[in-house]
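Asks: give me a model of this one.
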Amino acid sequence: MKRTTAFLTQLEIAERVLARSDERLRVLIKRYRPCQISPHNRYFETLIRAVISQQLSTKVADTIYGRFRGLYAPARFPKPEQILETADEVLRGTGMSNAKVSFVKDLVVKTGDGTIRFNRLSRMSDEQIIEMFTQVKGIGVWTVQMFLIFSLGRLNVLPSADLGIRKAIQITYGLDKLPGTQEIEKIADEYHWRPYCSVASWFLWRSLQKNE
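Replies: The predicted structure is shown next:
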């Protein structure tokens, strides 16, 4: 799904519904609207970059990713077979750890052998997509949740283990400590975020960015 008129309409509806049901979220929506979730179809590229960037600062991740892209024709993202044919030591030369190289290669292999089926994503549930992608070494639930929200535009994803979401909820709802997963799920139920948890999450993340 791309950022079509229909998708934009869905985001507008989500903002109205959330603003009516949650007065604290309403303040964030009024301040930071419109929601900028922008789905795209660069699925393979997105997952490769996610694996490379894990547990790194943005600056370091961007540097390593830039070196990775520099190994191939700059105008197009490399095909899986090109990455598979690249020697491990060459990939490590970009700054990737041995583990990251093995994760990237595992994603490439599973894309080629049919474990990962990008052409089926539109017909799969969130849970099925999480199950499929977490078969790849180095890809966990959080990574797939980010993919669901920002690549596929799935609107009812609640990344309750995300530190940013936890911090934003603590600030927004005046909690004494960082909430855990169960408490976040309870807040989502109490304030009727579903079926728009992704949109609620976007505004919570946005509130932290503004405060930095």
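Asks: which helices and strands sit right next to the helix ranked longest in the chain?
Replies: Looking across the chain with DSSP state H, the single longest helix is helix 5-21. Helix 5-21 makes packing contacts with helix 23-32, helix 197-211 when contacts are defined by 3 or more C-beta pairs under 8 Å, 6 or more residues apart in numbering; DSSP states H and E. The C-beta positions use only the backbone N, C-alpha and C, and glycine is treated the same way.
Asks: out of the ones you listed, which comes closest to residue 8?
Replies: Ranking these by distance to residue 8, with C-beta to C-beta as the measure, places helix 197-211 first at 12.1 Å.
Asks: just the residues contacting the closest one, thanks.
Replies: Counting contacts by C-beta atoms under 8 Å, 6 or more residues apart in numbering, the residues outside helix 197-211 that touch it are 11, 14-15, 18, 22, 25, 28-29, 31-32, 35-37, 148-149, 154-159, 162, 164-165, 167-169, 171-172, 188, 193.
Asks: could you tell me which of the residues you listed count as buried?
Replies: Listed as buried from these are 11, 14-15, 18, 22, 25, 28-29, 32, 35, 37, 148-149, 154-159, 162, 165, 167-169, 172, 188, 193; burial here means 16 or more other C-beta atoms under 10 Å.
Asks: so what's the backbone phi/psi at residue 135?
Replies: When read as degrees, to the nearest 10, the backbone of residue 135 gives phi -70, psi -20.
Asks: list the residues that contact it.
Replies: Counting by C-beta under 8 Å, 6+ apart, residue 135 touches 110, 115, 116.
Asks: just the ones of those in helices?
Replies: Judged by DSSP H, helices contain the following of these: residue 110.
Asks: how about the spatially most central residue of the chain, what does it touch?
Replies: Compute the mean C-alpha point of the chain, and by C-alpha atoms, centre = their mean the closest residue is residue 146, 1.4 Å away. Neighbour list for residue 146: 50, 159 [criterion: C-beta under 8 Å, 6+ apart].
Asks: low-confidence ranges, the chain, go.
Replies: Residue ranges of the chain with pLDDT under 70: 1-2, 210-212.
Asks: just the helices from it, written as ranges.
Replies: For the chain, helices defined by DSSP H occupy the ranges 5-21, 23-32, 43-53, 58-70, 80-85, 88-92, 98-112, 126-133, 141-150, 163-172, 181-190, 197-211.
Asks: if we can go back for a sec, what lies in contact with the longest helix of the chain?
Replies: Identification of contacts with helix 5-21 by C-beta under 8 Å, 6+ apart yields 1, 25-26, 29-30, 33-35, 37, 39, 153, 155, 191-193, 196, 199-200, 203.
Asks: just stretch 171-180 next, same as before
Replies: Residues from elsewhere that reach stretch 171-180 (C-beta under 8 Å, 6+ apart): 24-25, 28, 166-167, 169-170, 183, 187, 204, 207-208, 211.
Asks: for the residues you listed, which one is nearest residue 58?
Replies: Once C-beta to C-beta is applied, the member of the contacts of stretch 171-180 that ends up nearest residue 58 is residue 208, at 14.4 Å.
Asks: ok, that closest one to residue 129 distance?
Replies: Between residue 208 and residue 129 the distance is 26 Å, computed by C-beta to C-beta, to the nearest Å.
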